[in-house]
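Asks: Sharing a sequence plus its predicted fold:
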Amino acid sequence: MSEKFIIVGPDGLNEEKEGFATSEFEVAGGTPNAPVQTNGSGVLDSSFIDQSTLDHGDLNPASLTDDDHTQYLLVDGTRAMDGELNMNGTGGPYKITNLAEPTNPQDAATKKYADAISAGVYVIGNVKAATTTQLTALSGLAAAIDTYVPTIGDRILVKDGTDANPGTSSIDNGVYTADTGVWQRAADQDNAPEAEIVNGVLISNVLDGDVNQGGSYVITSIGGGAEVNGKKMHTIGLDAIKFEQYTTPTELIAGVGIDALAFASKTVQMDLFTTGGLAFTGQEVGIDWATDFTTDAADAKAFRASELSSTSTNQGASLVGIEDASDYYAGTDAEDAFNELEAQIGGTSSTAFNFTEDNVLADNDPIYAALDKLDLKHGDYASTLINEGASLIAVHDAAGNFTSTDVEGALAELATNAGVFYEVDTGSVGIGDLVYISDNNKVTIYDPANLVGHRGIGVATSAQAAGTDVKVAANDTVVSGVDLTGASVGDPVYWDSGLTTSIPVGGGKYVWQVGVAKDITTPSSAEMHVEVRFVKKNA
């Protein structure tokens, strides 16, 4: 069967024609009604196309006057613009909306970015989540960050490192890219190029998380590196990087009004330095502290400053509470405390206080009796009663001569402290023993038979061992506790290797009187008036 073709004849009608021979194909030229042969790639030769009548329009950027063809920007960004973008068309001008925050030097800036720049901050890209506690490692995807489980490529803000010496044992603060292995710093927070980590860098939004979602954070610490554009750089691993929560100046925009405003763990700042200040019309404005303090319904609102100085009923002092840790008053505010105090001290009015014994404390009150002891009267100084007079007068004893601190005690010590202290040389001494000076500032018991040329100086007033101090009394002193067995009151007392009322006998002995018996109610522990004097030497 031969091949047939449908062709368009000179009259414009379809005609059926038997198959063509190879020689009949039009290769180049202008043979009418001949079939066209393609090349080896199945493409028509350009000589078959008359391009003289094709109009592709004027694509010269300097004079865009031809609108035969329209060109479009591709959404994947593969076609770049070669001229200005004019948004002032019919009905314009128009806005470019939904721009991302700029991260590169040639990115378009959003209004939010410009507002932040005017506030002294520099905005970088948002983060998916932010930490709430200090981390111990930055690797893997299993651990949740603020209840959000990271995926590969997520930007995570690490802000809770507390180590003051970064690069040692803590995780340095910064923005990191989550990965299955070790996390790396994000490209806009790795100081490449330099000055990416400086004070004022702002992360405008945390996209996820239970605590930090919707928050923004800014670097507030100042680095120790070189200064770039007026800010000192942080050196990673050397300078502590501190992030703090930040509230942008455009979060609240002036408008018709805000019916309800809720803040969750956020700080609210209000600028009152505007024309006319802050006005509330038709409302009594108060601060409701009921969630923080236990108050009754009347006290649930804050009071006005004028009420603190008011003297009107239920204002002024009646609004000011008192801290009465010792529970002196039953009242809990200043007004009631004043009234109680006035009643206690006997005041009959706010201008007259009547201090009398009767209204301060009752006569039979033991407290009043104690206070009366402190109320020294002129008569107390001249009194001879016990615990009054000299017993109330203190002494100034700069030299430390007395252990007592009042006149009464000092007089008692003076009456009993007559004598001189010496160190016991050898052996020991007893009460009433006659002693002589045996060495520098030392005494020993006097031997009347052997100590030729030595003199007794007095009697020991207490029993002391060798090496200790003993007070030695001479004339006009009373010594208690001596053994005067066999003596009578008034008898002279002699020394003969012990106390005796008989004159010592024996050739060569020195006879010394040491005292006179004073009180022999108990002879073995009697009192003796000291009177030391040499009597004679026996032949």
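Replies: Yep, that arrived. All values derive from a computational prediction rather than experimental measurement.
Asks: Please make it C-alpha for all contacts and neighbour counts, starting now.
Replies: OK.
Asks: just checking, residue 133 is part of a strand?
Replies: No - counting by DSSP: H, G, I helix; E, B strand; the rest coil, residue 133 is not found in a strand; it is coil.
Asks: Look up the closest residue to it, ignoring the ones flanking it.
Replies: Nearest residue to residue 133, sequence neighbours excluded (C-alpha to C-alpha, 6 or more residues apart in numbering): residue 160, at 5.4 Å.
Asks: Just say helix, strand or coil for that neighbour.
Replies: Residue 160 - assigned by three-state DSSP - is coil.
Asks: From residue 211, how far off is it?
Replies: 13 Å (C-alpha to C-alpha, to the nearest Å).
Asks: more neighbours, the two?
Replies: Using other C-alpha atoms under 10 Å as the criterion, residue 160 and residue 211 rank with residue 160 on top: 21 against 16.
Asks: joint contacts of residue 160 and residue 211?
Replies: residue 132 (C-alpha atoms under 8 Å, 6 or more residues apart in numbering).
Asks: Can you show me the CA trace of stretch 442-453 as PDB?
Replies: Output in PDB follows, covering the C-alpha atoms of stretch 442-453 (Å, rounded to 0.1, in the frame of the first residue of the first chain):
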ATOM      1  CA  LYS A 442      60.600  35.800 148.000                       C
ATOM      2  CA  VAL A 443      59.900  34.700 151.600                       C
ATOM      3  CA  THR A 444      60.400  31.500 153.700                       C
ATOM      4  CA  ILE A 445      59.300  30.500 157.200                       C
ATOM      5  CA  TYR A 446      61.500  32.100 159.900                       C
ATOM      6  CA  ASP A 447      63.900  29.900 161.900                       C
ATOM      7  CA  PRO A 448      64.500  31.700 165.300                       C
ATOM      8  CA  ALA A 449      67.400  29.500 166.200                       C
ATOM      9  CA  ASN A 450      69.500  29.600 163.000                       C
ATOM     10  CA  LEU A 451      68.700  32.900 161.200                       C
ATOM     11  CA  VAL A 452      71.300  35.200 162.800                       C
ATOM     12  CA  GLY A 453      71.000  38.700 161.500                       C
END
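Asks: For that stretch, what does the pLDDT average out to?
Replies: The pLDDT scores in stretch 442-453 average 86.
Asks: Buried residues of it, list them for me.
Replies: 442, 443, 444, 445, 446, 447, 448, 449 (16 or more other C-alpha atoms under 10 Å).
Asks: any residues touching it, and which ones?
Replies: 422-429, 433-438, 456, 495-497, 508-511.
Asks: just the strands in the stretch 151-300 of the chain please.
Replies: With strands called from DSSP state E, counting those that start in this stretch, the stretch 151-300 of the chain shows them at 155-158, 174-177, 184-185, 201-203, 216-219, 227-228, 231-232, 243-246.
Asks: Check these for me: which has the lowest mean pLDDT.
Replies: Across these, the lowest-scoring stretch is strand 227-228, with a mean of 80.
Asks: So which elements touch it?
Replies: Strand 227-228 sits against no helix or strand, with contacts defined as 3 or more C-alpha pairs under 8 Å, 6 or more residues apart in numbering; DSSP states H and E.
Asks: Can you give me the distance of residue 403 to residue 390?
Replies: 16 Å.
Asks: When those two are compared, which one has more neighbours?
Replies: Neighbour totals were compared for residue 403 and residue 390, and residue 390 leads with 21 against 10 (other C-alpha under 10 Å).
Asks: quick revisit: turn the buried residues of stretch 442-453 into JSON lines, columns for secondary structure.
Replies: Converted to JSON lines, these look like this (three-state DSSP):
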{"residue": "442", "secondary structure": "strand"}
{"residue": "443", "secondary structure": "strand"}
{"residue": "444", "secondary structure": "strand"}
{"residue": "445", "secondary structure": "strand"}
{"residue": "446", "secondary structure": "coil"}
{"residue": "447", "secondary structure": "coil"}
{"residue": "448", "secondary structure": "coil"}
{"residue": "449", "secondary structure": "coil"}
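Asks: Pull the contacting residues for residue 334.
Replies: 317, 318, 319, 320, 321, 322.
Asks: swap that for residue 106, please
Replies: So residue 106 contacts nothing (C-alpha under 8 Å, 6+ apart).
Asks: buried residues in stretch 525-539?
Replies: 525, 526, 527, 528, 529, 530, 531, 532, 533, 537.
Asks: quick one: contacts of stretch 146-157?
Replies: 126-132, 141-144, 173-180, 186, 208-212.
Asks: What is the end-to-end distance of it?
Replies: 11 Å.
Asks: quick one: buried residues of that stretch?
Replies: 146, 150, 154, 155, 156, 157.
Asks: swap in stretch 91-109?
Replies: 101, 102.
Asks: same thing with stretch 178-188?
Replies: Neighbour counts over stretch 178-188 (16+ other C-alpha under 10 Å) mark 178, 179, 183, 185, 186, 188 as buried.
Asks: ok, now stretch 388-406?
Replies: Under 16+ other C-alpha under 10 Å, the buried positions of stretch 388-406 are 388, 389, 390, 391, 392, 402, 404, 406.
Asks: now, the most widely separated pair of the residues you listed?
Replies: 388 and 402 (19.9 Å; C-alpha to C-alpha).
Asks: before we move on, the earlier item: of the contacts of stretch 146-157, select the buried ones using a PyMOL command.
Replies: Buried members of the contacts of stretch 146-157, defined by 16+ other C-alpha under 10 Å, are picked up in PyMOL with:
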select buried, resi 126+127+128+129+130+131+132+141+173+174+175+176+177+178+179+186+208+209+211+212
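Asks: In the chain, which strand is the longest?
Replies: Ordering each strand of the chain by length in residues (DSSP state E) puts strand 526-537 first.
Asks: So for that one, mean pLDDT?
Replies: Mean predicted confidence for strand 526-537 is 90.
Asks: in its sheet, what does that strand sit against?
Replies: According to DSSP bridges, strand 526-537 forms sheet pairs with strand 477-482 (antiparallel), strand 510-519 (antiparallel).
Asks: what's the weakest-modelled helix or strand in this protein?
Replies: None of the helices or strands of the chain scores lower by mean pLDDT, DSSP states H and E than helix 357-360, at a mean of 55.
Asks: Tell me where the chain has helices.
Replies: Taking DSSP state H as the test, the helices found in the chain are 111-118, 305-308, 334-344, 357-360, 366-374, 378-382, 407-416.
Asks: Of those, which shows the lowest average pLDDT?
Replies: helix 357-360 (a mean of 55).
Asks: hang on, the earlier thing: what comes into contact with the longest strand of the chain?
Replies: 456-459, 473-484, 508-520.
Asks: Likewise for stretch 495-505?
Replies: 432-434, 446-448, 483-484, 486-487, 491-494, 511-514, 538.
Asks: could I get that stretch in PDB with only the CA atoms?
Replies: Below are the C-alpha coordinates for stretch 495-505, written out as PDB (Å, rounded to 0.1, in the frame of the first residue of the first chain):
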ATOM      1  CA  TRP A 495      56.900  32.600 167.000                       C
ATOM      2  CA  ASP A 496      58.800  29.400 167.800                       C
ATOM      3  CA  SER A 497      58.600  27.300 164.600                       C
ATOM      4  CA  GLY A 498      54.900  27.900 165.100                       C
ATOM      5  CA  LEU A 499      52.500  30.100 166.900                       C
ATOM      6  CA  THR A 500      52.700  30.000 170.700                       C
ATOM      7  CA  THR A 501      51.600  32.100 173.700                       C
ATOM      8  CA  SER A 502      54.800  31.100 175.600                       C
ATOM      9  CA  ILE A 503      58.100  33.000 175.200                       C
ATOM     10  CA  PRO A 504      60.500  30.700 173.400                       C
ATOM     11  CA  VAL A 505      63.400  29.500 175.400                       C
END
